[in-house]
Structures are given as structure tokens and as C-alpha cells.
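**Student:** sequence below, structure please.
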Amino acid sequence: METTPIILDCDPGHDDAMAILLSVFNPKIELLGITTVSGNGAIEKVTQNALRICALAKTKVPVAKGAGVSILGQAEASVEIHGETALDGAPLPNPTFELEKINGVELMAKLLSESNRKVTIVATGPLTNVAILLKAYPELKKKISHIVFMGGSAGRGNRTPYAEFNIWMDPEAADIVVNSGLPVTMCGLDVTHQALVTKEIFEKLEKQNTEVSKIVIGLLKFFAQTYLDVFEMPDPPLHDPVAVALLIDPTVVKTQFVNVEIELDGKYTRGATVVDIFDRNGGKPNVHVALELDFDKFWNMMLSAVDEAGK
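**Tutor:** Residues are numbered from 1 along each chain as shown. Have a look, this model is predicted:
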């Protein structure tokens, strides 16, 4: 079976944790390494969470700590959604291996340099590490086949009225990525708000009845409650695994290739992704924007991964 080698750049985070499980337990993905970035929690917390999820998954891929602040020095934890640890809701195993001695961008560069195939970068947090990589190692762009990121929106935001959290955290980094000239796919709120953890999904997880599925249920129940409290959404959206799922089966999403620009200056709109679906600005298309999700295909992948993790 042909696999897609990926580097997962993330800020675990409940949905990032699920993206790790999907990356480890789907046979079409070859997870080369994990890098962390400040976002859902402070960098030390999300890095520990990455190690703990690796322990849960019984995998020992290289993990390196990345950027703790945005390019302009900003940092904000999403405590109201992910809790004090950035991964509240269930006890997780202790880490089983040490962090890499090099930082996240250096690990990305090392993995790209050593790979005999082009690598896809999947970013499910702010795009700080990816942007720094592109600027610090321009010669490695030829080793990147694709950048897929979870972030942005063609409509409303979730951190400000028009900015989604990951892009709002580091708009300058997002601007570098979408204008990198590389193939880029954006999985924004338009598509991830279709990846809902419904009552029926919880029931299917309960039927698995493994230690992993029980931990996943605990994590997602916490996530569900915060989404209900903050956004009044009865079912929480499982954002980040969508960015992995489309690499497993491209038909899991429908995309539109359009011009996307990042608002850097707007008083009320900084961090907004300006998605020109109707080509009103005349800009060159630069991003494949995911707009529709095949719910059943997505959840079949996700449930299968959790089931495999529990064996």
C-alpha cells in the first residue's frame, strides 16, 4: 500500500490528539515526526500532551518542541475550550520517551532532508513553525509535496467575529504559508464544523469498550461541554483530524481552488482568511479550500483508528 509521509505540527488540544491517533493508526499515513507549537495551551503543556498521546498510541516517533510565541511574540492559551492542561477530561499515560534535543523547526528540516520522498506537512495549530521553516530553509521547499492546515474560515471566525483561532494567533505566519507557492489546502471552520461528535458517534465509541476508547470518550465529553458552554453547540466539531483524513482519502472533502489572503491590518478583522470564492478581487488562486465533508467517510476512518489503538 502506498503511504503518505507526513510531519504533524500541532498544539494538543483535544482535536489534535485525535489527529495524532488517526495518523498513527491509519495504514495510509506514515507519521515521520511531531512538532509542537503554542496554541491551545502554552508550549510546555502542549508538548507534554503530544508525548502523552504518543504513549497512549504506543508509538515513539520523534517529537520536538517548537515555537512558544507567534512571529510577533504573541501567545494565548485556549483555556476556555481545552482546559488548564490543554487536554482536560481523562487521565493520560506518562511519556515513554524523551523529546528530541533539537527544536521543532530543526526536526522538520532534518526529517525533510533525510526523506527519500516528498513529505506533506500537516499543521493543526498556528502556522509559526511552518513559516519559520520556509524562511529559514528555502532550499527544502522542494522536499515538501503539500501543506495542509486546519485553520481559517470562508465565513465567520471563532476567536473574533471573522478570525479563526489558529490564524488569529499568527497571521504573519499564515500569510507566509498561503503565499509560499507550494500546494496548500485549508481545512477551515466551513468543513470542520461538519465533523461533529454526535450522540451516535459517542454510542459507537462506547461499543468499542477499550481503554483507549474510554479515554477518548472522556476527552471528547469535556470538549463537548466547553463547546456547549462557549459556542452553544450541542455537538462539538472535531476540527484537526479532517486535515489528516483528506490525505487518506481525498474524496472525504470537496475543495475549491481560490485566492486566499490573510488580513494583517484590520482593526476588527486581523487574522481573517479572505477566501475569494467568487473571484471578486481577481487574485491568483493559491489555496485549495475545503468546504464540504463526507461525514460517514470521515467518521469511519476516525472510529477505525480509535478501535485499532485499543487493540
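**Student:** longest helix in the protein, by number of residues?
**Tutor:** When secondary structure is assigned using DSSP state H, the longest helix within the chain turns out to be helix 211-231.
**Student:** rounded mean pLDDT for that one, please.
**Tutor:** When the per-residue pLDDT values of helix 211-231 are averaged, the result is 97.
**Student:** kindly report the same for stretch 11-19.
**Tutor:** Mean pLDDT, taken over the full extent of stretch 11-19, equals 98.
**Student:** kindly report the same for stretch 42-51.
**Tutor:** On average, stretch 42-51 scores 98.
**Student:** need the contact partners of that stretch.
**Tutor:** Outside stretch 42-51, the residues within contact range by CB atoms under 8 Å, 6 or more residues apart in numbering are 10-13, 16-17, 20, 34, 36-41, 63, 65-68, 75, 77, 85-87, 92, 95-97, 99, 125. Placement of C-beta: from N, CA and C, glycine included.
**Student:** inside helices: which ones of those residues?
**Tutor:** For the contacts of stretch 42-51, secondary structure assignment (DSSP H) places 16, 17, 20 in helices.
**Student:** picking that back up, out of the contacts of stretch 42-51, which end up buried?
**Tutor:** Buried positions within the contacts of stretch 42-51, assessed by neighbour count (16 or more other CB atoms under 10 Å), are 10-13, 16-17, 20, 34, 36-41, 63, 65-68, 75, 77, 85-87, 92, 95, 99, 125.
**Student:** returning to what we had before: buried residues in the longest helix of the chain?
**Tutor:** Neighbour counts using 16+ other CB under 10 Å place 212, 213, 215, 216, 217, 219, 220, 222, 223, 224, 226, 227 of helix 211-231 among the buried residues.
**Student:** kindly report the same for stretch 181-198.
**Tutor:** Within stretch 181-198, the residues scored as buried using 16+ other CB under 10 Å are 182, 184-197.
**Student:** could you do stretch 110-130 as well?
**Tutor:** Judged by neighbour count using 16+ other CB under 10 Å, the buried positions of stretch 110-130 are 110-112, 119-130.
**Student:** now the buried residues of helix 211-231 as JSON lines including distance to residue 155?
**Tutor:** Converted to JSON lines, the buried residues of helix 211-231 look like this (distance: CB to CB, whole Å):
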{"residue": "212", "distance to residue 155": "35"}
{"residue": "213", "distance to residue 155": "33"}
{"residue": "215", "distance to residue 155": "33"}
{"residue": "216", "distance to residue 155": "29"}
{"residue": "217", "distance to residue 155": "31"}
{"residue": "219", "distance to residue 155": "28"}
{"residue": "220", "distance to residue 155": "25"}
{"residue": "222", "distance to residue 155": "27"}
{"residue": "223", "distance to residue 155": "22"}
{"residue": "224", "distance to residue 155": "23"}
{"residue": "226", "distance to residue 155": "22"}
{"residue": "227", "distance to residue 155": "18"}
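**Student:** show me what the one helix or strand residue 297 maps to is in contact with.
**Tutor:** Following DSSP states H and E, one finds residue 297 within helix 295-309. Residues lying outside helix 295-309 but in contact with it, judged by CB under 8 Å, 6+ apart, are 18, 21-22, 24-26, 56-57, 194-196, 201, 204-205, 208, 210, 212-213, 216, 238, 241-242, 245, 248-249, 251-252.
**Student:** just the ones of the buried residues of stretch 181-198 in strands?
**Tutor:** Secondary structure defined by DSSP state E assigns 184, 185, 186, 187 of these to strands.
**Student:** identify the bridge partners of the third one.
**Tutor:** Partner residues in beta bridges with residue 186, using DSSP bridges, are residue 149, residue 289.
**Student:** wait, it sits on residue 273?
**Tutor:** Yes: counting by CB atoms under 8 Å, residue 186 sits close enough to residue 273 to count as a contact (7.0 Å).
**Student:** find the residues that touch each one of those two.
**Tutor:** Residues within reach of residue 186 and of residue 273 at once, by CB under 8 Å, 6+ apart, are 151, 152, 260.
**Student:** the last one - how many residues pack around it?
**Tutor:** What it means is residue 260. Other residues near residue 260 come to 25 when the count uses other CB atoms under 10 Å.
**Student:** which ones are touching it?
**Tutor:** Remark: with contacts taken as CB under 8 Å, 6+ apart, residue 260 is in contact with 152, 178, 186, 273, 274, 275, 276, 286, 287, 289.
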